[in-house]
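Trainee: what follows is a predicted structure for the sequence shown.
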Amino acid sequence: MSTFFDDMKRSFEAVPLDSDKKISTPEFLEASESLVKLFDVIGNPAFGMVQNDLTGNIEKVRKRYLAKPDESAKLQDLVTNERAEGQKTASEGLLWLNRGLQFTAQAMTETIENPSMELPESFTNAYKKTLSKHHNMLLKPVFKFAMKACPYRKDFFEKLGADQDKVNKQLEAWVAALSNIVAILLEFLATTCKDL
């Protein structure tokens, strides 16, 4: 029986990193698009804003990649080359996309580490630790509402797949790979995009 992770176009585990921890742009974008579909599994319209934000930022990065593929094969090169031209659209898109990925990784980490915790609590905790500090007073209540609209844990996991042992193993591996990429980007963006 297939699971949500089996059906992904690309997992973060399959995003190539070179020896300098440079991240391959096209595979990263595919994995990010697959992550957006996780919010379909959550199945609450309140997360539409999160999905739209992630998708919009994916498109900003993709547009730059398609315009200058030779200079953008790795995410770090894409940002460095764009910034050298005095541009920042894709860099800003990647910064916000990575914040959304960080939130998702944190929410899933909280869910894995606290098996008795319901999703509204794990997502709220993740929001406080990640996105909250970047949001203004208008956005915070909208996101807090979305966190409370998460489904029951049992229902969410059942939608991920019938074989719960397989789902748990795949989720842990996916979150570990996602968290690793998020950490690499956080460090890189903190030094190259201080002004954003």
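Mentor: Nice, thanks for sending it over.
Trainee: low-scoring stretches of the chain, by residue?
Mentor: 136 (pLDDT under 70).
Trainee: tell me which residue lies farthest from the centre of it.
Mentor: residue 85 (26.9 Å; CA atoms, centre = their mean).
Trainee: for that residue, grab phi and psi.
Mentor: For residue 85, the backbone dihedrals (degrees, to the nearest 10) come out as phi -90, psi 0.
Trainee: look through this structure and tell me its longest helix.
Mentor: helix 164-192 (DSSP state H).
Trainee: not counting its neighbours along the chain, what's nearest the residue nearest in space to the middle of the chain?
Mentor: Taking CA atoms, centre = their mean, the centroid of the chain lies closest to residue 101, which sits 2.1 Å from it. In this structure, residue 101 finds its nearest non-sequential neighbour in residue 182, 5.2 Å apart by CB to CB, 6 or more residues apart in numbering. Bear in mind the C-beta positions are built from the backbone N, C-alpha and C, glycine included.
Trainee: mind listing what the one you found touches?
Mentor: 98, 101-102, 105 (CB atoms under 8 Å, 6 or more residues apart in numbering).
Trainee: now with 6 Å, please.
Mentor: 101-102, 105 (CB atoms under 6 Å, 6 or more residues apart in numbering).
Trainee: for residue 12, see how far away it is.
Mentor: 9 Å (CB to CB, to the nearest Å).
Trainee: show me the helices in the chain, by range?
Mentor: 25-36, 38-42, 48-67, 75-84, 89-113, 119-129, 139-148, 153-160, 164-192.
Trainee: from the chain's centre, how far out does the fourth one sit?
Mentor: Chain-centre distance of helix 75-84: 20 Å, with CA atoms, centre = their mean, to the nearest Å.
Trainee: likewise for the last one?
Mentor: Remark: helix 164-192 is offset 9 Å from the chain centroid, using CA atoms, centre = their mean.
Trainee: equivalent analysis for the fifth one, please.
Mentor: The gap between where helix 89-113 is centred and where its chain is centred comes out at 4 Å by CA atoms, centre = their mean.
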